[in-house]
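Student: Let's see this in three dimensions:
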Amino acid sequence: MRVGLSWDLPGEQAATEVWPALLAEIVAVDGLGYESAWVEESRHAAASCPSPALLLTHAARRTRTLYLHVGGRRVTRSHPVRIAEEVAVLDLFSRGRAGIGFAAAGSQDTEPQHLHEVVDFVLHAWAVDELRYRGRFVRFPSQTRDEVPEGAGVPGPGWDWVPQWERGPSRPDFLAVTPKPVATRPPVHVELSDEATLAWAARAGVSPFVGADVPTTDAVERLARFRAEAAAAGRPAWTFDPVLERRLELDGAGDDHTLGERRPSSSGACASCGPRPVARTSSGGVARSSSVGVTSSSASPARCSCCCRPRRDDVQFWTGGAGTAKVRAMPGSLADAFDAYVAGAQLAEELGFDAYGASEHHFMYDGFLPVPLQALAAVAAETSRIRLVTGAMLLPLYDPLEAAEQAATLDVLSGGRAVLGLGMGYRPLEFDGLGTEKRTRGARLVEAMKVLDLATSQDELHFEGEHHRYDGVVLRPTPVQRPVPMWFCGGTSVVAARRAGQAGYPYWLANSDVERTASIVGEYRRAGAEAGWPEERLRVGAFKDVCIGDTVAEAEAMRQMFIDAFYEEHILGYGYLVDDEGRHVYNPPRDHPMYQRFVDGIFCGTVEMVVEELKRYEALGVEALFLASPQQALVAEKVMPEFERG
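Tutor: Here you go, the predicted structure:
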């Protein structure tokens, strides 16, 4: 019998008070013989966790042996692709220790078939390279036709395969859900609450879960019926892993034990308001549990406005790390790459950078990171000062409330260090795969940013727009920052710049030369002034790629290496290039003026030349420079000091 622990998060204490104790308890049980830790998706209390995959990814960086299970996952709140992605990302950051348990269909006010289709889709998404799925509730890609067979499908021998970067705006019949988990199939459980789900799970190879609210006699009887159904379906016992959840307390109500030691309860605090571990056992056993009285913080401490100001009065230096995708020219383990990404954040913090970033793409053959806030939750566990910025998070691909929950979760885990760089996206396959409309992405980005602004700053969300409506929604958890800071990431097109200015959001433009940057910044500020926004609200940041060498030729050789290994495919092949009217250009020749403009925007020079170039951006009023450069140590030593103010 294996024993794990799960946690309820009741009461009205804030997440900033409860989650550090929860994380400290998870760290405490690691290595003590417990098999797993389960955190349930919930929204009913102030300390509820609506995004347990983020919290567990944070915990993964502080544990080594404990399996980390998302519990009570609801299929009505997220696209099935997102569920498959978040578990795979957790599995990569934890080196194969992720699992997921799905809530009963009845508790979600949906039909059992909806739950069954989502679980079936997730299992296939992990297992096959290219996938199509048609069901009553799940359709992937969104344009899948009614005449294709029900359920999961894979390309046949005669399928006309086209490399991703050559597809252009075409709408493929099959897509790859990536990245894949370390484990071929992470543990999947489903709550047994109805006969249809019990029979389906027994046939489908999904393990059963019976919650703590089911009386023991009934729970044992359900598991026995599951075993009988599984045996009748020809499934041997070793292919499933029943979990029975029981709620136990040491010494009765008000227990003040933590694992391994006794600590007094916090003065004036109600013992019932903290998170309560619940014993979860495999194969029907029962384990002891304890309440949480931990007062030491495991999450990063809250940061005051005084000590959290950047070192520079003007330009901030932001950066990101390699490791969120496999590069064809430099193949390697994706789990190793994810570890390197976190290590890159630690180095950036030590070097004095102000922020560390994560970007987002989906369905990529190279396993490109699809959940940037989850990656930053891992970074938050191993850093303390540096801000954590998405650059860019593709907001039109989300339900805005789900995005707000993830942002608030990261903000609590990091002690108030979250910054949202929000883009509209441009790759057609991402909109097809996640079932959203590409044509309206610009308007939906602005509207969704308004939702995030309100949700993270007000006690209740009331919003009615063209695409989204919310009435009296309370965001859980409450973020440390009210609101969480946001930037509009808008490429380098005039259309995007004017949209950002009219909405009055800080504008973060893509890599371009100084002349193009000056033109775009002028359009942005002009549109903002016309809309009546004050000048101090119209802030500007910029991505800026630089290559530094002892000579210009040496720097240009470095640039060519990056172009060959990464940029050429990603800039030419997916519609990244956009003209001033907002039209995307797919697979242009290498001598196309728009592509050459991008290449010229990667500045090559000596240290002195790079400093001079960045000073020109500073003169335009650019207050944050995101330098996507592997030469971070050189930038920190030779470039950043030139921008410090007394």
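Student: Sketch out the low-pLDDT regions of the stretch 301-450 of the chain for me.
Tutor: Low-confidence segments of the stretch 301-450 of the chain, defined by pLDDT under 70, are located at 301-313, 323.
Student: what are the ranges of the strands in it?
Tutor: Assigned by DSSP state E, counting those that start in this stretch, the strands in the stretch 301-450 of the chain fall at 316-320, 355-358, 387-394, 418-423.
Student: Throw those strands into TSV and include distance to residue 88, thanks.
Tutor: Placement of C-beta: from N, CA and C, glycine included. Conversion of the strands of the stretch 301-450 of the chain to TSV gives the following (distance: least, Cβ to Cβ, whole Å):
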stretch	distance to residue 88
strand 316-320	21
strand 355-358	15
strand 387-394	18
strand 418-423	22
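Student: Now distance to residue 578 and mean neighbour count too, for these, in TSV please.
Tutor: Converted to TSV, these look like this (distance: least, Cβ to Cβ, whole Å; neighbours: other Cβ atoms under 10 Å):
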stretch	distance to residue 578	mean neighbour count
strand 316-320	22	24
strand 355-358	21	26
strand 387-394	14	26
strand 418-423	12	27
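Student: out of the ones you listed, which comes closest to residue 102?
Tutor: Proximity to residue 102, assessed across the strands of the stretch 301-450 of the chain by Cβ to Cβ, is greatest for strand 387-394 (25.6 Å).
Student: Which pLDDT value belongs to the closest residue to residue 347 other than its chain neighbours?
Tutor: Of all residues beyond its chain neighbours, the one nearest residue 347 is residue 632 (6.7 Å), with distances taken as Cβ to Cβ, 6 or more residues apart in numbering. Per-residue confidence at residue 632 stands at 95 (pLDDT).
Student: Repeat that for residue 17.
Tutor: At residue 17, the pLDDT value in this model is 94.
Student: Out of the strands of the stretch 301-450 of the chain, flag the one nearest residue 67.
Tutor: When these are compared by Cβ to Cβ, strand 355-358 sits nearest residue 67, at 24.7 Å.
Student: which residues touch that closest one?
Tutor: The contact list for strand 355-358 (Cβ atoms under 8 Å, 6 or more residues apart in numbering) reads 316, 318-321, 324, 341, 344-345, 348-349, 369, 372-373, 375-376, 379, 383, 386-391, 419, 421, 624, 626.
Student: can you pull the contacts of the residue lying closest to residue 419 once chain neighbours are set aside?
Tutor: With sequence-adjacent residues excluded and distances taken as Cβ to Cβ, 6+ apart, residue 419 is closest to residue 389, at 4.1 Å. With Cβ under 8 Å, 6+ apart as the criterion, the residues that contact residue 389 are 318, 355-358, 376, 418-421, 487.
Student: Can you add distance to residue 30 and give those back as CSV?
Tutor: Conversion of those to CSV gives the following (distance: Cβ to Cβ, whole Å):
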residue, distance to residue 30
318, 33
355, 30
356, 26
357, 29
358, 25
376, 22
418, 26
419, 30
420, 31
421, 33
487, 37
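Student: Would you state the strands of the stretch 1-150 of the chain in chain order?
Tutor: Taking DSSP E, counting those that start in this stretch as the criterion, the stretch 1-150 of the chain carries its strands at 3-8, 36-40, 67-73, 98-102, 132-134, 139-140.
Student: Select, out of the ones you listed, the one closest to residue 402.
Tutor: When the strands of the stretch 1-150 of the chain are compared for distance to residue 402 using Cβ to Cβ, the nearest one is strand 67-73, at 12.7 Å.
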